[in-house]
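In: pasting the structure only:
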């Protein structure tokens, strides 16, 4: 079974400060990892993914995430937060060993609040 | 490219009625996934379909819920005899191939309210 944990329901950060949204995962094999963002009353938008290669993945809107196999983590980061980054962020995982059923398993989400 | 289209955006049903949610995947996408988001909760996988086939329905409730993705037309998620607990946002996502290679593209969701 695969699972994702986002330990923080909400993260508050001042505009201009760095932000981190935490994610840890559990899979039997090697993971595919994703971050999505959801704005109010909208669907989820893809931010970035880790499939293989460099542990630091760069994505949309200046976000990046670092894959850490030993800690089974994939934390989302941004060097300088913007008020417009305020949204709900979801981490997702899939076990590479899964066959044709390729569903993603999502965490419960972390609400990011960026204030002036 | 219009993206993943879901309709209706909002649906209100009385207890006992049927709800039909439609999802048209992005052009060229043949894989469709349905997720449910309950208030203040994350997304829960329901079903994964390819054209005319259900690949994985491990997240579907055993009763009242069904899904299809016919050769022609949109994917349909059908909820019979709705109850208040079915009130949620239902999201459809599509992908060109396996989600790990291509990721998902999500629709804007259908918000079902059962009164």
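Out: All right, it came through fine. Small disclaimer: the values here were computed from a predicted structure and weren't measured.
In: At which residues are the strands of the chain located?
Out: I went with chain A, as the question did not name one. Taking DSSP state E, the strands of chain A run over residues A:3-5, A:10-14, A:19-21, A:24-26, A:31-38, A:44-50, A:56-58, A:64-68, A:73-78, A:87-95, A:105-106, A:110-115.
In: Let me rephrase: I mean chain B.
Out: B:5-7, B:10-13, B:19-24, B:31-37, B:43-50, B:53-56, B:65-68, B:75-79, B:88-95, B:105-106, B:110-114.
In: quick one: average pLDDT of the fourth one?
Out: What it means is strand B:31-37. The pLDDT scores in strand B:31-37 average 93.
In: Does anything pack onto that strand? Which helices or strands?
Out: strand B:43-50, strand B:75-79, strand B:88-95 (3 or more C-beta pairs under 8 Å, 6 or more residues apart in numbering or on different chains; DSSP states H and E). For glycine as for every other residue, the C-beta is placed from the backbone atoms N, C-alpha and C.
In: Indicate which one of those strands is closest to residue A:104.
Out: strand B:43-50 (7.5 Å; C-beta to C-beta).
In: What residues sit buried inside the closest one?
Out: For strand B:43-50, the buried set under the neighbour-count rule, 16 or more other C-beta atoms under 10 Å in any protein chain shown, comprises B:43, B:45-49.
In: Run through these and flag the ones next to chain A.
Out: B:43, B:45, B:48 (C-beta under 8 Å from any C-beta of the partner chain).
In: Do I have it right that the first one meets residue B:34?
Out: Right, the one you point to is residue B:43. No: if you go by C-beta atoms under 8 Å, residue B:43 and residue B:34 don't touch, sitting 10.1 Å apart.
In: Could you name every residue contacting both of the two?
Out: residue B:91 (C-beta atoms under 8 Å, 6 or more residues apart in numbering or on different chains).
In: just for the chain, where's the confidence low?
Out: Looking at chain A here, since you left the chain open. For chain A, the stretches with pLDDT under 70 are A:96-102.
In: wrong chain, I was asking about chain B
Out: In the predicted model, chain B carries pLDDT under 70 at residues B:1-2, B:97-102.
In: Output the set of residues of it in proximity to chain A.
Out: B:4, B:6, B:31, B:33, B:35, B:41-45, B:48, B:55-56, B:58-59, B:91, B:93, B:95, B:98-101, B:103-109.
In: how close does residue A:90 get to chain B?
Out: Residue A:90 is 6 Å from chain B, where distance means C-beta to the nearest C-beta, to the nearest Å.
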